[in-house]
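1. Just the structure for this:
(4 chains)
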Number of protein chains: 2
Amino acid sequence: MKFNDKIPIYYQIKQYIYREIIINNLQPGQKVPAVRQLAVTLTVNANTIQRALRELINEKVLISRRGKGNFVTTDAETLTNLKRNVVEDQVSNLYDQLAALKITPDEMLKYLNNYINSRKEVHHD
Amino acid sequence: MKFNDKIPIYYQIKQYIYREIIINNLQPGQKVPAVRQLAVTLTVNANTIQRALRELINEKVLISRRGKGNFVTTDAETLTNLKRNVVEDQVSNLYDQLAALKITPDEMLKYLNNYINSRKEVHHD
DNA sequence: TATAGTGTATTAGTAAACTAAAACACTAAT
DNA sequence: ATTAGTGTTTTAGTTTACTAATACACTATA
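-> Numbering: from 1, shown residues only, chains lettered A, B, ... in the order given. As a prediction, the model looks like this:
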């Protein structure tokens, strides 16, 4: 996996697992790959995986069962909040960044429409 | 200044100076505050400021004159590219992040319209 | 020429992230 | 009981970012 060297790897792994849950590659109650397996797959040290998982467990997104594995929560509220928070954090972050460039909301909408529509045209695959 | 502890401070300072130039708080040819002054203003070490400035100088966004100061470039192309790149990087980054969540372009537009319009209503100041 | 204000470079020490290797705790299956 | 597969913890060493303090190079000016 390709990581951004400006952001801690463990943090990017957290976000990766958020995404896998949100798009249902990891379903509620499903077992997450073993720590050592993830370390191989993502080509990082097992301790770095463990650090990401520890935080996800603290956040109740994953449930740890010693000797068995780590499992995606089945709590509906946690899962709902997860998707909402991840999307909203990214959108609000963009909004704040563009606002800091003194771009008005109307200009943002115009620009985003142009950008996204141009990407749609390109995506004729 | 408040920094994101997940991203190197020198890198956030680069982005801060990009912004100051884009919104014309720092105009073409204008002198940037002195290294030691910026260190005080942003409450970081002077070496950290210097590292950010070094990269900006390498990128030709700033021009260094020893004994005099650092100055914003007057090169029109560099300045034009600066604004275009900063905005486009942020927008394309959001697009990619939302696409990774399997959100379609149409859904993005719908969501962004809702979000930005809701922010407009709030901003009755 | 001396001084103050610049940018630049060097040396040293600290903290966080990452890697590596090993040990420990628990579970399931043979 | 033993073994393999899990999660968890610990100890150690490296690298990067950051801070701190100092010195050096250049410019303008009193």
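2. And the residue in chain A that DNA strand C sits nearest to, how close does it get to A:I22?
-> Ranked by Cβ to the nearest atom of the strand, the top residue of chain A for proximity to DNA strand C is A:G67, at 2.4 Å. For the C-beta atoms, the positions are set from N, CA and C on the backbone; glycine is no exception. To A:I22, A:G67 is 28 Å away according to Cβ to Cβ, to the nearest Å.
3. Neighbour count: the two, which is higher?
-> A:I22 (19 against 4; other Cβ atoms under 10 Å in any protein chain shown).
4. And for the closest residue in space to the more buried one that isn't next to it in sequence, the neighbour number?
-> Excluding the flanking residues, the one nearest A:I22 by Cβ to Cβ, 6 or more residues apart in numbering or on different chains is A:K83, at 4.9 Å. As a burial measure, A:K83 scores 15 neighbours (other Cβ under 10 Å).
5. ok, A:K83 touching A:I23?
-> No. With contact defined as Cβ atoms under 8 Å, A:K83 does not reach A:I23; the gap is 9.4 Å.
6. Next, show the common contact partners of those two.
-> Taking Cβ atoms under 8 Å, 6 or more residues apart in numbering or on different chains as the contact rule, A:K83 and A:I23 both touch B:L101.
7. if I look at A:F3, how far off is A:K14?
-> According to Cβ to Cβ, A:F3 and A:K14 sit 12 Å apart.
8. Neighbour count for these two, which is higher?
-> Neighbours were counted for A:F3 and for A:K14 using other Cβ under 10 Å; A:K14 has more, 19 against 15.
9. Which strand or helix spans that one?
-> Using DSSP states H and E, A:K14 sits in helix A:9-22.
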